[in-house]
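Asker: my questions are about this predicted structure, shown below with the sequence.
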2 protein chains.
Amino acid sequence: MTRGPRYTPLAESLPATVPFVGPEAMERAGGRPFRARLGANESVFGPSPRAIAAMAEAARDSWKYADPESHDLRAALSAHLGVSPAHIAVGGGIDGLLGELVRLTVAPGDVVVTSAGAYPTFNYHVAGFGGALLTVPYAGDHEDPEALIARATETGAKLVYIANPDNPMGTWHSADRIRAMIEAVPEGTLMVLDEAYIEFAPAGTAPQIDADDPRVIRMRTFSKAHGMAGARVGYAIAAPELVRAFDKVRNHFGMSRISQIGAEAALADGDHLTEVQAAVSVARGRITEIAAANGLAALPSAANFVAVDCGADGAFARAVLEELLARDVFVRMPFVAPQDRCIRISAGTPQMLDLLERALPEALAAARAR
Amino acid sequence: MTRGPRYTPLAESLPATVPFVGPEAMERAGGRPFRARLGANESVFGPSPRAIAAMAEAARDSWKYADPESHDLRAALSAHLGVSPAHIAVGGGIDGLLGELVRLTVAPGDVVVTSAGAYPTFNYHVAGFGGALLTVPYAGDHEDPEALIARATETGAKLVYIANPDNPMGTWHSADRIRAMIEAVPEGTLMVLDEAYIEFAPAGTAPQIDADDPRVIRMRTFSKAHGMAGARVGYAIAAPELVRAFDKVRNHFGMSRISQIGAEAALADGDHLTEVQAAVSVARGRITEIAAANGLAALPSAANFVAVDCGADGAFARAVLEELLARDVFVRMPFVAPQDRCIRISAGTPQMLDLLERALPEALAAARAR
């Protein structure tokens, strides 16, 4: 026995890797800031002015712990969503809620099913609790509901994860297809429906779900359409029994007071949301045009980003990405083939997309010249 | 097998209880707000004006995720503390850091040692990861370092917890006594030194600790002296190997951007800290006087609260507390005998303490008349 901490066998087994390197770390390594921050699917259009004002006003009261029951925010969400507060869990972004959900359901060796190349932070949580992560491939750049369900059924998975719209490809399924997936969830499996980008999808993409349905938990966030990624507010909609289970493990006083007040104000500002949705739609069109002008195909997207097919393999897309980074344009890319033939470009302001327009031809030429 | 989630056996075994009921829930139950918020050891004197301004300014940029490495805050803490950034882990308050530490070190059945009646949220985390919590009694209203070490040694504890100054009693040990405790930490045990209230203690209470010492992790917070409880920023100082281990389990993008910027500004405002320390000292004196005027003894305190001995048993102290709550004065009390003969009153503004002064004789009379 040595001096100092003895970690659990599980903790000993975990790698020290992280799901994502942040853009600030890249900026520090590069010695200068990015000029176009288009890699993290943040909303460059910012939070609602009403949310900004509410957060600024709330700063002086941040000597108070936030209400651990998030009563006011849950009441506002309840009215907005047409479900009771007992159906709503609030957490530190979808990331935080996913971690708590995995902790509640996944013991070492338990099986979890997702798509190869889907959200890495979910995979990080599964690994962090010792789960056995099984994947199915994307089908035509879409997550494959039937394959996910089949794999979950044959393996007795505790959780099956799908994002609709998908990240990193931006593709989506109809409400009917998602509803059919829920109907096919096997006994003993919980479907995790990540709707982080749902506000950018065509009307009708979000299925009607009975909030008491024990087969599915849907997760949403203020990080994307509401432009509050740095505030860390997400929520889950699920049967009350599952919502109550979060109380067993969550950090009850863990939510920022300012953030919750900001989220309430953001929720009340439907006009800002509409403006952001319109700006994102314009930006997606512009990214698609910029890609086409360079001979590249952009995938149709229902999210606040566009996957642009660089037309070759992952190594080439990686080279394009690196050349964009070298030109102070921050983008990311999928982790897994064949999706990794693409780079993923978040919706930007016109100024940021001007920079992209100038940098992309240079980056492509430089990547081809490597 | 039934429809819906299957929880882990550990999750199934956990109670749905919470460490603390928030004052907002009490206010909702009571139908009106408290007039003196003196129960949660918050800093009624508020954050630094510079922190308030920095947070208000940062609100508009909260569309950006925070730097997951907390580089700037860790650099500022590094300069402030005279240790390297590699010795500093930042997290969502001490609560968040304690949860991560327990997750890293405590597997089901592993032994953890603390004092009977010490910080309940630490106990909540230990239970949440299946740890076996063993306690030793307070000695004369102080945590008992020698008894804690003896119990950790005989049981092979993974963690041994002590707060200095202590919560809920406000008592403290000298730096020499804490240093001696560290020297006695058995092999394979990590000592958790919770210094949430250290800024309120007499100069010299915080021991010099070699930041590379693998036997101890010390935790501090912006929630108390810096008046930012609702912002959720804490930090741990430990050997770099232990700091790196947090990267295996923490929610990398989990910190609020506004909060981190506010914490940096708060750290830079030494004048505000000095003012708060002075105001807390005045408030402790006033609480002691109010207690004495009612024939009660206040314990000496090195924290931003005072434990007031109600002179009888826990049931009587509970009655006094309830009568104070009924008079819109929010206070809390220790959970365990014999400390539960006391009520715990946080340092308040003069106006809040005027309310306490009026309410306490009535509350005592009403409690005695029950």
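Answerer: Yes, it's here.
Asker: can you pull the contacts of the nearest residue to residue A:131 once chain neighbours are set aside?
Answerer: Spatially, and ignoring its direct neighbours in sequence, residue A:131 is nearest to residue A:106 (4.1 Å; Cβ to Cβ, 6 or more residues apart in numbering or on different chains). Using the backbone N, CA and C atoms, a C-beta is placed for each residue, glycine as well. Taking Cβ atoms under 8 Å, 6 or more residues apart in numbering or on different chains, we find residue A:106 in contact with A:112, A:126, A:129, A:130, A:131, A:158, A:159, B:8.
Asker: equivalent analysis for residue A:293, please.
Answerer: For residue A:293, counting by Cβ under 8 Å, 6+ apart, the contacting residues are residue A:357.
Asker: against chain B, how distant is it?
Answerer: 28 Å (Cβ to the nearest Cβ, to the nearest Å).
Asker: ok, now residue A:294?
Answerer: Counting by Cβ to the nearest Cβ, the gap from residue A:294 to chain B is 28 Å.
Asker: any idea how far residue A:315 is from that residue?
Answerer: In this view, residue A:294 and residue A:315 are 18 Å apart by Cβ to Cβ, to the nearest Å.
Asker: give the buried residues for the top helix by length along chain A.
Answerer: In chain A, taking DSSP state H as the definition, the longest helix is helix A:270-293. For helix A:270-293, burial by neighbour count (16 or more other Cβ atoms under 10 Å in any protein chain shown) applies to A:272-273, A:276-277, A:279-280, A:283-284, A:286-288, A:290-291.
Asker: after that helix comes which helix or strand?
Answerer: Of the helices and strands lying after helix A:270-293 in sequence (DSSP states H and E), the nearest is strand A:297-298.
Asker: which outside residues touch the very next helix or strand once past that following strand?
Answerer: Following strand A:297-298 in sequence order, the next helix or strand is strand A:305-309 (DSSP H and E). Residues from elsewhere that reach strand A:305-309 (Cβ under 8 Å, 6+ apart): A:38, A:41, A:141, A:167-170, A:284, A:287-288, A:291, A:296-299, A:301, A:334, A:339, A:341-347.
Asker: can I have the buried ones of the residues you listed as a PyMOL selection?
Answerer: Entered in PyMOL, the line below selects the buried ones among the contacts of strand A:305-309, by 16+ other Cβ under 10 Å:
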select buried, chain A and resi 38+41+141+167+168+169+170+284+287+288+291+296+298+299+301+334+339+341+342+343+344+345+346+347
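Asker: for the most centrally placed residue in chain A, which non-adjacent residue is closest in space?
Answerer: Centroid check for chain A by Cα atoms, centre = their mean gives residue A:196 as the closest residue, at 5.2 Å. Leaving aside its chain neighbours, residue A:196 sits nearest to residue A:221 (5.0 Å; criterion: Cβ to Cβ, 6+ apart).
Asker: what count of nearby residues applies to the one you found?
Answerer: Neighbourhood size, residue A:221 [other Cβ atoms under 10 Å in any protein chain shown]: 25.
Asker: so it makes contact with residue A:91?
Answerer: No: using Cβ atoms under 8 Å, residue A:221 is not in contact with residue A:91; the gap is 9.6 Å.
Asker: show me whatever sits in contact with both of those two.
Answerer: If you check residue A:221 and residue A:91 against Cβ under 8 Å, 6+ apart, the residues they both contact are A:234, A:235.
Asker: so residue A:219 touches residue A:98, yeah?
Answerer: Yes: using Cβ under 8 Å, residue A:219 is in contact with residue A:98, at 7.2 Å.
Asker: find residues that contact each of those two.
Answerer: By Cβ under 8 Å, 6+ apart, residue A:219 and residue A:98 have these common neighbours: A:192, A:194.
Asker: wait, is residue A:134 part of a helix?
Answerer: No: the assignment for residue A:134, made by DSSP: H, G, I helix; E, B strand; the rest coil, is strand rather than a helix.
Asker: tell me what the closest residue to it other than its chain neighbours is bridged to.
Answerer: Nearest in space to residue A:134, with sequence neighbours left out and distances taken as Cβ to Cβ, 6+ apart, is residue A:113 at 5.1 Å. Bridge pairing for residue A:113 (DSSP bridges) gives the partners residue A:134, residue A:160.
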